[in-house]
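Participant: Fold the following for me, if possible:
(chains A and B)
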Amino acid sequence: MPYELRDHTADVAVAATGATLGDVFAAVADGLAAAMCDEVPASGERFDVTVAAESREALLFDYLDDLIYQRDVRGVLPVDHEATVERADGAGGEAGETLNGDGENATEWTLSGSARGVPLSEIYAREIKAVTYSEMDLSRTDDGWRAYVVFDV
Amino acid sequence: MTTYDADGITLHKVRDYVWEIPQEGGMRAPARVLASEALLDEISDDDTLQQIKNTTHLPGITKYAICMPDGHQGYGFPVGGVGALDAENGCISPGAVGYDINCGVRMMTTNLTYDDVKGKEEELVDSLFANVPSGLGGGGIVQGDAETVEQILARGVEWAVEEGYGVEDDLRACEDEGRRPDADPSAVSQKAKDRGRNQIGSLGSGNHFLEVQRVTDVFREDVGAAYGLEADQIVVLIHCGSRGLGHQVCNDYLRKIEKEHGDLLAQLPDKELAAAPAGSDLAEEYYGAMCAAINFAWVNRQLIMHRTRRVFERVFDRTWEQMEMELLYDVAHNIAKKETHSVDGEDRELYVHRKGATRAFPAGRPEVPAAYRDVGQPIIIPGSMGAGSYVLRGGEESMDLTFGSTAHGAGRLMSRTQAKQDYWGGDVQDDLEQQGVYVKAQSGATVAEEAPGVYKDVDEVVRVSDALGIGDKVARTFPVCNIKG
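Facilitator: Below you'll find the predicted structure:
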């Protein structure tokens, strides 16, 4: 499994790995779903997710924030995540080390993906309130990427 | 001088229950921990001490950052943290308020006794569970349209009373009479409003709950009488916050501040501490949005309280007025408020951030409702399902020691993942029923995550608060029925 739920006194942390940025983002999102629900049925329709932000970390934050928002307004638990991350200039997600934005409003990174939305009425799910920046880590490994994200419960 | 060494951080004992981490490096003030040695052993077991040190890096931190006796590791700012930041030259930090803006607790008194409820616990817990929305996707008591959300954000409990979800007296027993005047609904994003619409009047999940309790002890008869509390009486305690609307407000502003005030952020040791400088547009906008979310949370607890009155009417076959179901008080424990405090003999306006901490103003303060002004502000400290809760009153020392604050609960000791390994929901539920506590939850996992053993000793937390004179023990309660999401 490319994600693990880690101990945190009050909240829940997800550690994840992936060969590409898109994979590791989707793996964190799968971890978020697992933190909310133990047994997920195969039901639900897929929906698209699109996010843009000024850095990779901000993109991860906004992506997870958007999934929590979609959960509340659609009334579904987003699961089975797929994501592709790219730099908006077309250089691709794997290019470049750290990004120094050209301008404060420049949007440099985009995510396009999808999730399956399991109706909340069909499951027992616990609420994760929000994604946090606390102790967030997104870094390269020999095999790709790893991420660590703390969620507020 | 006695010192306490905790994994590289040394605390110096100032006096009984007061420990100080001296200012060093980028710290702009010392940090203080208010705890007995037993509690300090628990507080130093995770990253709480490092987190309270980190908060002293915030510009405008006044006197010292404070960790309450129930403090534990949070995100950025620790839970159980108080930071008073100068409102002219300092800053305001959404992460130091927390995602669940105005998460808090209210207590409603009744004239029922434990004998009236005995034998009806199951009917009561089932009826409460069926009628008070909880968990994810459970909807709310009110399905609001866009205009409803605007009204709630702007007017708070006034709106609820006007719509028939309460009475005028409910306003008098609520902080700020249930309406934060600085609320600015236009500063709340459409996303936040969309999330709030179908959650108006809902508990949520996690550690939020509604509990029917019996008063087991009254420690201060005069204050107990002023609060309308006596032994064996039935009370209701409601713990929840501003739901998805508040969570979204926090994240929206965290991101806006990150983009706009990156220079300040670069000086802070944790990105989650992101702060808007006092006087900046974003500081004003966040304050207005946060105050609107405070109103939303008050309405949330008001609707749940009023629904509880209806449930009691059905179960006990009397009107709620006959059962004298009255709001005792409503406290917020995730909030930042502009308050005037005396610092070195000078009155200063401060953004007092209380994250997992409760305002605890003593007798005589004008902010305390008239009914309680002679005895001090009521403070409600929820404990775990197996340990009971406390009612305190604002202590004489609180203004000097803690900017008028005390603890907010027992404080977690064990992670949720560990709790699920150590406990099974069904067993916890059976054990509690043996003690006369009837629990009903959306899932067994929630019960396991909230098992009494995952919390610190609430008795010790309250003992330290009382000994310091920041929040004095008034009464203790023990659960009878508990519902959670």
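Participant: Just give the nearest non-adjacent residue to the residue in chain A that chain B sits nearest to, would you?
Facilitator: Ranked by Cβ to the nearest Cβ, the top residue of chain A for proximity to chain B is A:Leu120, at 2.7 Å. Where C-beta positions appear, they are placed from N, C-alpha and C, glycine not excepted. Using Cβ to Cβ, 6 or more residues apart in numbering or on different chains and skipping residues adjacent in sequence, the residue nearest A:Leu120 is B:Gly137, 2.7 Å away.
Participant: Show the contacting residues for that neighbour.
Facilitator: A:75, A:119-121, A:125 (Cβ atoms under 8 Å, 6 or more residues apart in numbering or on different chains).
Participant: 10 Å - rerun?
Facilitator: Neighbouring residues of B:Gly137 by Cβ atoms under 10 Å, 6 or more residues apart in numbering or on different chains: A:71-72, A:74-77, A:119-123, A:125, A:127, B:198-199, B:202.
Participant: Okay, and which of the residues you listed map to helices?
Facilitator: Judged by DSSP state H, the contacts of B:Gly137 include A:71-72, A:74 as members of helices.
Participant: which of the residues you listed has the most neighbours?
Facilitator: The most crowded member of the ones in helices among the contacts of B:Gly137, judged by other Cβ atoms under 10 Å in any protein chain shown, is A:Arg71 (26 neighbours).
Participant: Of all residues in the stretch 101-250 of chain B, which one is closest to chain A?
Facilitator: Minimum separation of the stretch 101-250 of chain B from chain A (Cβ to the nearest Cβ) falls at B:Gly137, amounting to 2.7 Å.
Participant: can you tell me which helix or strand residue 81 belongs to?
Facilitator: Picking chain A for this. strand A:76-87 (DSSP states H and E).
Participant: right idea, wrong chain: chain B
Facilitator: Here B:Gly81 is assigned to strand B:77-86, by DSSP H and E.
Participant: If you average the pLDDT over the longest helix belonging to chain B, what comes out?
Facilitator: Secondary structure of chain B per DSSP H: the longest helix is helix B:281-316. Helix B:281-316 shows a mean pLDDT of 98.
Participant: can you check stretch B:205-216 too?
Facilitator: 94.
Participant: pLDDT check: weakest of the contacts of B:Gly137?
Facilitator: The member of those with the lowest pLDDT is A:Ala125, at 88.
Participant: Grab the nearest non-local neighbour of the spatially most central residue of chain B.
Facilitator: Geometric centre of chain B, nearest residue: B:His333, 2.7 Å, by Cα atoms, centre = their mean. With Cβ to Cβ, 6+ apart as the criterion, B:His333 has its nearest non-adjacent residue at 3.9 Å, and that residue is B:His408.
Participant: Please apply the same query to B:Ile483.
Facilitator: Spatially, and ignoring its direct neighbours in sequence, B:Ile483 is nearest to B:Phe129 (4.7 Å; Cβ to Cβ, 6+ apart).
Participant: Helix, strand or coil: sort out the one you found for me.
Facilitator: Following DSSP: H, G, I helix; E, B strand; the rest coil, we place B:Phe129 in the helix state.
Participant: how close does it get to B:Ile152?
Facilitator: For B:Phe129, the distance to B:Ile152 (Cβ to Cβ, to the nearest Å) stands at 25 Å.
Participant: who's more crowded, these two?
Facilitator: Between B:Phe129 and B:Ile152, B:Ile152 has the larger neighbour count (other Cβ under 10 Å), namely 31 against 20.
Participant: Okay, and that one sits in which element?
Facilitator: Using DSSP H and E, B:Ile152 falls in helix B:146-155.
Participant: same question, A:Thr107
Facilitator: Per DSSP H and E, there is no helix or strand for A:Thr107.
Participant: With adjacent residues omitted, what lies nearest to it?
Facilitator: A:Ala52 (4.6 Å).
Participant: and the one you found, how many neighbours does it have?
Facilitator: By other Cβ under 10 Å, neighbour count at A:Ala52 equals 15.
Participant: follow-up on the earlier one: how far away from the center of its chain is the strand holding A:His81?
Facilitator: Here the centre of strand A:76-87 is set off from its chain's centre by 7 Å, with Cα atoms, centre = their mean, to the nearest Å.
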